[in-house]
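[1] What would the 3D arrangement of this be:
(chains A and B)
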Amino acid sequence: MSAERFFISESDLRALAADLLGAGTVVIAPVVVAACASPAAMASSACLRPGTEPEGLEYRALTDAAQLDLGRGLPILSLKGYFLPEHEALCRWKQKGTTIEVEAVPTEFAPRVVLAAKPCDSAALAVVDKVMNWDYEDELWNGRRAATTIINLACPVIDESCFCTAVGAAPDATKGADGLLTPVKHGYVFEVTTEKGRALAEAHKARLSPAADALAADTDVERAAARARVAANLEIDAQSVRDWIDTHFEDPLLASLAIRCNGCGACSSVCPTCHCFDIVDEEEGVGRGTRRRCWDTCQAPTFTLHASGHNPRGDQHARYRQRINHKFAIYPLKFGEVLCTGCGRCTRVCHAGQDLSEILQAIDIAAWRPGAAEAAAPAPEPVTS
Amino acid sequence: MNETTTDAKTSAGTGVTAGVKDLRAIARALLEAGDVRVIIGWEAGRRGARPVFVTSPAEADKLIFDARCVHNLVTYLNPRRDHVAELGKIGLIVKGCDVKAVAGLLREAQLSREDVVLIGVRCGGVLEENEMPVAAALTRSNVAPRCYVCDNREPALVDHLVGEPQPEPPRPAQTMDERIAALDDKPLEERWAFWTEQFSKCVRCYACRQVCPLCVCERCVADKTRPQWIEPSPHARGNLSWNITRALHLAGRCVGCGECERFCPVGIPLSLMNRKLQQIVAERYGYTVGDDPEQAAPIGDYRLDDEQDFIK
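    Below is the predicted model of the structure:
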């Protein structure tokens, strides 16, 4: 048996998922959900948009291996919520007289497996790992990361908003993941890239067979073609973009990107790398309550509103510049990685037409105006690993 | 043909309708004369029609109008959008339905009529999903359901009105009112389960509020922290609290443009709730939202004979 690459048929892949479920392991995977999942009776009357597909794709915990979707594009929300939930308790408190009892929350999690993760979503986890282990080790994030084995699926669908290759990712990458499934005739080539991935393959070796060299070579051709298709959407020099943004805070291009932006923050909600959160105390009765963190966004005015009433990011231009600055300059300068994996969800979700590909293209052009290249010396460090 | 909305008159070779030519000419003239500093309209973007801000006469040819121009641009008239307000006087391109939102802002003293030049476009209905390179012909299955029996085809509040008279929008496969009737027919427990399921998807991004042309509060109740009226966590309690509060605050004010639902990243059918509230307001107060700013809305109008039997 070749050490790293196996063949698995689609039926064996589903059987593998069923084995995991049978053993009580949580399996998270893309699942087609009805637009109005329940009650079922509603689906035909109140809720469906006529003429459109009455379904969406979401990462869900499987209840049946047959639900595993292997053919569609990106789920509405990224994998982020399984590591940084939309809201989660940090601790609970009870006040008795003058003493306060604080109850901690568990930071260890049962093992779970993500199957058919999108490469841009797993890559995002590896990028966010950096900030989650910077000045403070986030036990909840790290606990969930340690408990989770992630197997990617090379993208079956690439559309005009995908640009992962422009930011150092790829539609067949394994960054942040433990293995990769690549579709081939009659099944998948299953490649393992980490110890966790090897352990999964070892535990389910009855479902796997060695991948013939010819099959492996086929996947290489397919994968190169997929990368080329994404690259045709957008090509930028991430280092030049980073340095230009870092030195052009007041430039009209950077300072007036958001005229059509409604400041709704939907881009942050769907973004796999946006990780900012707010911490709130919620009382649940007299003298007791829960401290929670929930997703927050730099696109909301309250994100930076001072107690004095002053807001250093007073309008949407300033807030949108922060989004671009944080993703493409601040984070790379601090952690050596772009805070974006090119999934394109922000563009797809924005009905006002804010288009990140278009914006990055404009900045890339600005960064390469005559004279800009010489001014950028000395040569900066690589942005992506 | 009932299912087309484009003007029959098309100027040779350009594919631009006579109405769009007029639109561009008016926009250009307003900018050249200095009557406005910016025209807010729609342009053809990479993924379909999108809002555009035209500040020089030379750029007026970017403007388009077709069935993809769904976006209610009145949201940009919100006086608290500093980065738009600072551009100067606005010329706004509006459909008949959009004009109702302008009337709402005027009615609530958020805008003075002389602050804006309104360029109306005659509209034969818009698409529900507008992200496509060329506007599709409207059909029963792709028309925005709210367009059915449009009651503002010749908007009166505008300064200019362009385009040929358009055919009636097609009847959608299921009208808004039929959708609501289907939901109303269900027992209470099923309706509760339906909305519980819908609200469970909410991630509290507040896109619904941000795009609403009438969500113009200086500080939204959801952003108030002393006290915290609405829990910010997207759990069942917080989501119910937010979604009900948003809907009720728009009762008798919502113009039914559907932008909240369209922008919702997780697909909550907010229009159903908004339309239901419109029905209740019509039933209780005989009020239907229109484009006459002088017509008082129930939320700002007390009458001694107001029906009160629902107060228990």
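
[2] Now for residue A:174: which residues touch it?
    A:119, A:122, A:152, A:180, A:191, A:193 (C-beta atoms under 8 Å, 6 or more residues apart in numbering or on different chains). The way it works is simple: take the backbone N, C-alpha and C, and place the C-beta from them, glycine included.

[3] pLDDT below threshold where in the chain?
    Just so you know, I chose chain A. Low-confidence segments of chain A (pLDDT under 70): A:1-3, A:34-55, A:370-385.

[4] Please refer instead to chain B.
    Across chain B (using pLDDT under 70), the flagged ranges come out as B:1-15.

[5] just the helices in it please.
    B:18-32, B:82-85, B:96-107, B:176-184, B:188-200, B:207-211, B:236-249, B:259-263, B:270-285 (DSSP state H).

[6] Can you name the residue of the stretch 251-385 of chain A nearest chain B?
    Closest contact between the stretch 251-385 of chain A and chain B, by C-beta to the nearest C-beta, is at residue A:353 (2.7 Å).

[7] name the element that residue belongs to?
    Assigned by DSSP states H and E, residue A:353 falls within no helix or strand.

[8] who does the closest residue to it other than its chain neighbours bridge with?
    Spatial nearest neighbour of residue A:353, excluding adjacent residues (C-beta to C-beta, 6 or more residues apart in numbering or on different chains): residue B:50 at 2.7 Å. Going by DSSP bridges, residue B:50 is paired in beta bridges with residue B:43.

[9] which residue sits farthest out from the middle of chain B?
    residue B:312 (33.8 Å; C-alpha atoms, centre = their mean).

[10] Contacts only, for it.
    Residue B:312 touches nothing, counting by C-beta under 8 Å, 6+ apart.

[11] Also residue A:206?
    Counting by C-beta under 8 Å, 6+ apart, residue A:206 has no contacts.

[12] next one: phi and psi at it?
    phi -60, psi -20 (degrees, to the nearest 10).

[13] mind listing the strands in the stretch 151-300 of chain A by residue range?
    For the stretch 151-300 of chain A, the strands defined by DSSP state E, counting those that start in this stretch cover A:179-184, A:187-192, A:209-210, A:277-283, A:288-295.

[14] which among the contacts of residue A:174 end up buried?
    A:119, A:122, A:152, A:180, A:191, A:193 (16 or more other C-beta atoms under 10 Å in any protein chain shown).

[15] Can you verify residue A:29 is assigned to a helix?
    No: the assignment for residue A:29 (DSSP: H, G, I helix; E, B strand; the rest coil) gives strand, which keeps it out of a helix.

[16] What's opposite it in the beta bridge?
    The partner list for residue A:29 in beta bridges (DSSP bridges) reads residue A:60.

[17] Hmm, residue A:116 and it touching each other?
    Yes: applying C-beta atoms under 8 Å as the test, residue A:29 and residue A:116 come out as touching, 5.2 Å apart.

[18] any common contacting residues for these two?
    A:68-69.

[19] quick one: the residue nearest to residue A:353 and residue A:352 touch, right?
    Yes: if you go by C-beta under 8 Å, residue B:50 and residue A:352 touch, sitting 6.5 Å apart.

[20] Now do the shared contacts for the two.
    Counting by C-beta under 8 Å, 6+ apart, the residues touching both residue B:50 and residue A:352 are A:260, B:71.

[21] For chain A, give me its nearest residue in the stretch 101-250 of chain B.
    residue B:141 (2.8 Å).

[22] residues from the stretch 101-250 of chain B in reach of chain A?
    Within the stretch 101-250 of chain B, the positions near chain A by C-beta under 8 Å from any C-beta of the partner chain are B:128-129, B:139-142, B:145, B:172-174, B:179-180, B:182-183, B:186, B:190, B:193-194, B:197-198, B:203-207, B:209-211, B:223, B:228, B:231-235, B:238.

[23] Now tabulate the contacts of residue A:174 in CSV and tack on distance to chain B.
    Output for those, formatted as CSV (distance: C-beta to the nearest C-beta, whole Å):
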residue, distance to chain B
A:119, 22
A:122, 21
A:152, 24
A:180, 28
A:191, 33
A:193, 31
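
[24] which of the residues of the stretch 101-250 of chain B next to chain A count as buried?
    Applying 16+ other C-beta under 10 Å to these, the neighbour count classes B:128-129, B:139, B:142, B:145, B:172-174, B:179-180, B:182-183, B:186, B:194, B:197-198, B:203-207, B:209-211, B:223, B:231-235, B:238 as buried.

[25] Quick one: end-to-end distance for stretch A:146-165.
    Stretch A:146-165 has an end-to-end distance of 27 Å (criterion: C-alpha to C-alpha, to the nearest Å).

[26] buried residues in it?
    Within stretch A:146-165, the residues that count as buried by 16+ other C-beta under 10 Å are A:148-155, A:158, A:161-165.

[27] How far away from the center of its chain is it?
    When distances are taken as C-alpha atoms, centre = their mean, to the nearest Å, stretch A:146-165 is centred 9 Å away from the chain's centroid.

[28] Same check on stretch A:130-145?
    16 Å.

[29] For it, measure first residue to last.
    Stretch A:130-145 has its terminal residues 12 Å apart, counting by C-alpha to C-alpha.

[30] go on, stretch B:295-310?
    Counting by C-alpha to C-alpha, the terminal residues of stretch B:295-310 are separated by 24 Å.

[31] Likewise for stretch A:346-361?
    First-to-last distance for stretch A:346-361 - C-alpha to C-alpha - comes to 16 Å.

[32] next one: stretch B:223-240
    16 Å.

[33] what do you get for stretch A:190-197?
    Distance between the boundary residues of stretch A:190-197 (C-alpha to C-alpha) amounts to 10 Å.

[34] do stretch A:110-128 as well
    21 Å.

[35] roughly how far out does it sit from the chain middle?
    On C-alpha atoms, centre = their mean, the centre of stretch A:110-128 falls 8 Å from that of its chain.

[36] Tally up the residues packed near residue A:102, please.
    9 (other C-beta atoms under 10 Å in any protein chain shown).

[37] Next, format the contacts of residue A:174 as a markdown table and append distance to residue A:254.
    Listed next are these as a markdown table, based on distance: C-beta to C-beta, whole Å:
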| residue | distance to residue A:254 |
| --- | --- |
| A:119 | 29 |
| A:122 | 30 |
| A:152 | 34 |
| A:180 | 37 |
| A:191 | 40 |
| A:193 | 37 |
